[in-house]
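*Asks:* Okay, here's the prediction I keep looking at, along with the sequence it came from:
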Amino acid sequence: LFVKLGIIGAGTVGNGHAESIAHLDDVIVRAVSDPNPNAAEELTKRWAPSASILSQNELLESSDIDAVIISNPTIFHFQHAKKAIECGKHVYIEIPMVRHLHEGEALVELVKQSDRIVTVGHSLRFWGEYQTIKQKFDSGSVGKPVTIRMGRRTPHPQRWYSNFDSSGSVILDAMVHEFDYIRWCFGPVNRVFCKSLLGRMNTEKLDYALALLRLESGAIAHIESSWCHYGQFCQDVEITGDQGVIQFDNQYTNPILISFIDTKSASRHYFAESPVIQSGHYKLVKGFIEAIVANAPNPVTVEEGLQAVRLAHTAIESIKKKQPVQVSEMLKENRPSIGGRS
Amino acid sequence: MTLRIGVISFAHMHANAFMYCFQQLDDMAEIVGIYDEDRERGREASDTYKTSFYSTCEELFDQHLDAVVISSENSTHRKYTELAANHGCHILCEKPISVSLVDAKAMIDVCQTNNVQLMIAFPCRYSTPILRARQLISEGRLGSVLALKGTNRGTLPGGWFLQKDLAGGGAIMDHTVHVIDVWRWLLGCEVVSVYAEGGCFFSNETGIDDTGVLMAEFANGVFATLDTSWSRPKNRSPLAVMLLWKLSRKGARLHWMPFDNISMFIITIRSKPNGCDGAMISIWHFVVCFSNRSNRSRRFLLPVMMDSKLWKWP
């Protein structure tokens, strides 16, 4: 079986996925779509010379495409994923899975009715350091979890990310990584108290959030998400158990440090710089392809994607209410219905 | 003039740090004697620091003291402060000031009534990195502060620290005050709301909070989180590290200025970094202020002190 793949969104993330695909057997990029034809052309030239450049609808409706990677702005994820599933494609959706909770719930229903593989791009779990941390923790090396501290700091990506309605701010776009990782490693979250610059100042060029989580296990988690950062991409994690501490901070462990002065190259500061042969992104895309061709388990399901989005929305709700919010309040049956929508 | 100092209790281990600092000041300060409810502990300390042990508080106060250091259990700060103030002694009291607002207010009142100074041991304010931060902020070099993220963590203590009636609380009581004090001072602004998640994970037999993460908001809209937990493994050094992250509007706007890397900076205070030991400087301040009964020197400029060669660096 050979997967014929289409990529929607030829930005930095789309290019990263195309690079991964170029290194994988059993899959080839057959088509690329991007509203900016130059971006689509550059991607194909670099990673998939035989791929054609199509419109989104052409790509989604093409009988020559088996699977789609959706790596365009968040606001389009739901409609494109929905159409792709309806057209019988397997789908890989970049994080955050969807912009709105109701979209996530609808997507989960759609996937239930379908036999297609739908994978969500929570790649943090697949980076070596983060996998090792989970293995160490699972083996009981630091005992029961007490506090979990995670952070992620980059410059503000601006463009559509500056618009809260499109991106959901640093919370939905960046903190969602940590929400997924914490939930994956340490189980369900009971409540979230989050404060950010939203509502305090214009967040088009600066955004910053701190969140405090209480887990069902009793552990306490703290997340820092910054789009106020200058310099190297920073991420860190520290697990304190009642028997010890596990720590990772890429500032001290990065085997390669690169600084750019010009703004174009400096976009690399938005991502982890890693010389490892199999990056987290690569391993996750590989898992997606293996789920299609070899019946391997889906590496990240839409249910999990929805739970991470739900935590982000709980955090945003907490900012609006200026108080802690129970995650259960964000479940469909407990949410006030929004006027005009059934 | 040599400041005549009495020390009340070695219950808090910081008493040893104070003694070390006084020793560096040569003839500026004299430890006249020690009183401790725990006689054995008091006698041991008096041997270590080559001073007298007094078995009652009254005997200690009979020695014509200028000032006392109170490093007893938190719950007894009020009792000893009242005694000292009524004897006309200036006071350096270990933090937190007390276990309740009522007690704290009473302590301030009794010192005002007796016209003596009450100083709380907040050495972080004297730490040179903190002073530098304050300078950068007050000069507007960083723009306005947007948010603060801090940790002040340590290892699980023992003894009275784990007894609520003596300590007044656990890790949150013990470790919040240093950082909040520095933040209030840096921002010139008060906290208007606080929320905390906390728990007992390491000291199960006592039930006291050994873990806490706070979410606070200041009157000027700055928000902050602070981890106060006694969660560091015993084999790790330093004992306690305080980190403050500051974000500034102006600095962070200069994304691509290659030499501007102060949009976010870290202040790390270790137990004895060369030349930025807040404890030493705070003790020096204490001695200088209270050696002069007219209190004339109380408001001297801290930056001047930085250049001073009056003490030997540890």
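*Replies:* Cool, the structure landed.
*Asks:* hey, let's count contacts and neighbours off CA atoms from now on
*Replies:* OK.
*Asks:* what helix or strand does the one residue in the stretch 51-200 of chain B that gets nearest to chain A sit in?
*Replies:* Closest to chain A within the stretch 51-200 of chain B is B:Glu197: 6.9 Å, counting by C-alpha to the nearest C-alpha. Using DSSP states H and E, the element containing B:Glu197 is strand B:191-199.
*Asks:* Show me which positions of that strand end up buried.
*Replies:* Neighbour-count burial for strand B:191-199 flags B:191, B:196-199 (criterion: 16 or more other C-alpha atoms under 10 Å in any protein chain shown).
*Asks:* now stretch B:108-116
*Replies:* B:108, B:110-111, B:114, B:116.
*Asks:* Which members of those residues are positioned in strands?
*Replies:* Counting by DSSP state E, the buried residues of stretch B:108-116 place none of their members in strands.
*Asks:* Where do the helices of the chain begin and end?
*Replies:* All of this refers to chain A. Ranges of helices within chain A are A:12-22, A:37-47, A:56-61, A:77-86, A:101-112, A:128-138, A:164-167, A:169-170, A:176-186, A:250-253, A:280-293, A:302-321, based on DSSP state H.
*Asks:* Oops, wrong one, chain B.
*Replies:* Secondary structure of chain B, counting by DSSP H: helices at B:14-24, B:39-48, B:57-61, B:77-86, B:101-113, B:128-138, B:164-167, B:171-187, B:249-253, B:278-291, B:302-307.
*Asks:* Is it possible to get a markdown table of the ones you listed that adds distance to chain A and mean pLDDT?
*Replies:* Conversion of these to a markdown table gives the following (distance: least, C-alpha to the nearest C-alpha, whole Å; pLDDT from 0 to 100):
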| stretch | distance to chain A | mean pLDDT |
| --- | --- | --- |
| helix B:14-24 | 26 | 85 |
| helix B:39-48 | 31 | 97 |
| helix B:57-61 | 41 | 96 |
| helix B:77-86 | 32 | 97 |
| helix B:101-113 | 25 | 95 |
| helix B:128-138 | 17 | 72 |
| helix B:164-167 | 21 | 94 |
| helix B:171-187 | 14 | 88 |
| helix B:249-253 | 6 | 29 |
| helix B:278-291 | 27 | 69 |
| helix B:302-307 | 30 | 38 |
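*Asks:* for these, which one sits closest to B:Lys95?
*Replies:* Among those, helix B:171-187 comes nearest to B:Lys95, with 7.5 Å by C-alpha to C-alpha.
*Asks:* Tell me if I'm right that A:Tyr282 and A:His17 touch.
*Replies:* Yes - counting by C-alpha atoms under 8 Å, A:Tyr282 touches A:His17, with 7.3 Å between them.
*Asks:* quick one on the thing from earlier: tell me the one of the buried residues of strand B:191-199 nearest B:Asp165?
*Replies:* Distance to B:Asp165, by C-alpha to C-alpha, is smallest for B:Gly199 among these, at 17.8 Å.
*Asks:* Surely the closest one touches B:Asp209?
*Replies:* Yes - using C-alpha under 8 Å, B:Gly199 makes contact with B:Asp209 at a distance of 5.0 Å.
*Asks:* show me what contacts the one residue sitting closest to the centre of chain B?
*Replies:* Centrality entry for chain B: nearest residue to the mean C-alpha point is B:Phe122, 2.5 Å, by C-alpha atoms, centre = their mean. The contact partners of B:Phe122, by C-alpha atoms under 8 Å, 6 or more residues apart in numbering or on different chains, come to B:95, B:178, B:181, B:279, B:282.
*Asks:* For those residues, could you give me CSV that also reports neighbour count?
*Replies:* As requested, the contacts of B:Phe122 are arranged in CSV below (neighbours: other C-alpha atoms under 10 Å in any protein chain shown):
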residue, neighbour count
B:Lys95, 24
B:His178, 18
B:Asp181, 14
B:Ala279, 23
B:Ser282, 22
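*Asks:* returning to what we had before: just name the most buried of the helices of chain A.
*Replies:* For the helices of chain A, average neighbour numbers computed from mean count of other C-alpha atoms under 10 Å in any protein chain shown are highest in helix A:169-170, which has a mean of 26.
*Asks:* Which elements pack onto it?
*Replies:* strand A:207-215, strand A:220-227 (3 or more C-alpha pairs under 8 Å, 6 or more residues apart in numbering or on different chains; DSSP states H and E).
*Asks:* Excluding sequence neighbours, find me the nearest residue to residue 111.
*Replies:* In the absence of a named chain, chain A is used. Leaving out its chain neighbours, the residue that sits closest to A:Val111 by C-alpha to C-alpha, 6 or more residues apart in numbering or on different chains is A:Val118, at 7.1 Å.
*Asks:* looking at chain B here, not the other one
*Replies:* B:Ala85 (5.5 Å).
*Asks:* Near the closest residue to B:Leu65 other than its chain neighbours, how many other residues are there?
*Replies:* Distances taken as C-alpha to C-alpha, 6+ apart place B:Arg4 nearest to B:Leu65, at 5.1 Å, with adjacent residues excluded. Using other C-alpha atoms under 10 Å in any protein chain shown, B:Arg4 is surrounded by 21 other residues.
*Asks:* Identify the bridge partners of B:Arg4.
*Replies:* Beta-bridge pairing for B:Arg4 (DSSP bridges): B:Glu30.
*Asks:* Then B:Gly198?
*Replies:* When bridges are called by DSSP bridges, B:Gly198 pairs up with B:Gly212.
*Asks:* What pLDDT is listed against it?
*Replies:* pLDDT, B:Gly198: 95.
*Asks:* doesn't B:Gly212 make contact with it?
*Replies:* Yes - between B:Gly198 and B:Gly212 there is a contact under C-alpha under 8 Å: 4.0 Å.
*Asks:* ok, residue 94 - contacts?
*Replies:* If you meant another chain, say so; for now it's chain A. Residues counted as contacts of A:Glu94 (C-alpha under 8 Å, 6+ apart) are A:69-72, A:120-122.
*Asks:* Can you look at chain B instead?
*Replies:* Neighbour list for B:Glu94: B:12, B:14, B:69-72, B:74, B:120-121 [criterion: C-alpha under 8 Å, 6+ apart].
*Asks:* Kindly report the residues of chain A close to chain B.
*Replies:* For chain A, the contact set with chain B under C-alpha under 8 Å from any C-alpha of the partner chain comprises A:146, A:155, A:195-197, A:200, A:205-206, A:208, A:210, A:212, A:214, A:220, A:222, A:228-231, A:240, A:242-245, A:261-263.
*Asks:* So among the residues you listed, which ones count as buried?
*Replies:* By neighbour count, with 16+ other C-alpha under 10 Å, the residues of chain A next to chain B hold A:146, A:155, A:195-197, A:205-206, A:208, A:210, A:212, A:214, A:220, A:222, A:228-231, A:240, A:242-245 as buried.
*Asks:* phi, psi of the residue of chain A most remote from its centre?
*Replies:* Here chain A reaches farthest from its C-alpha mean at A:Gln243, the gap being 31.3 Å by C-alpha atoms, centre = their mean. With angles defined as degrees, to the nearest 10, A:Gln243 sits at phi -120, psi 0.
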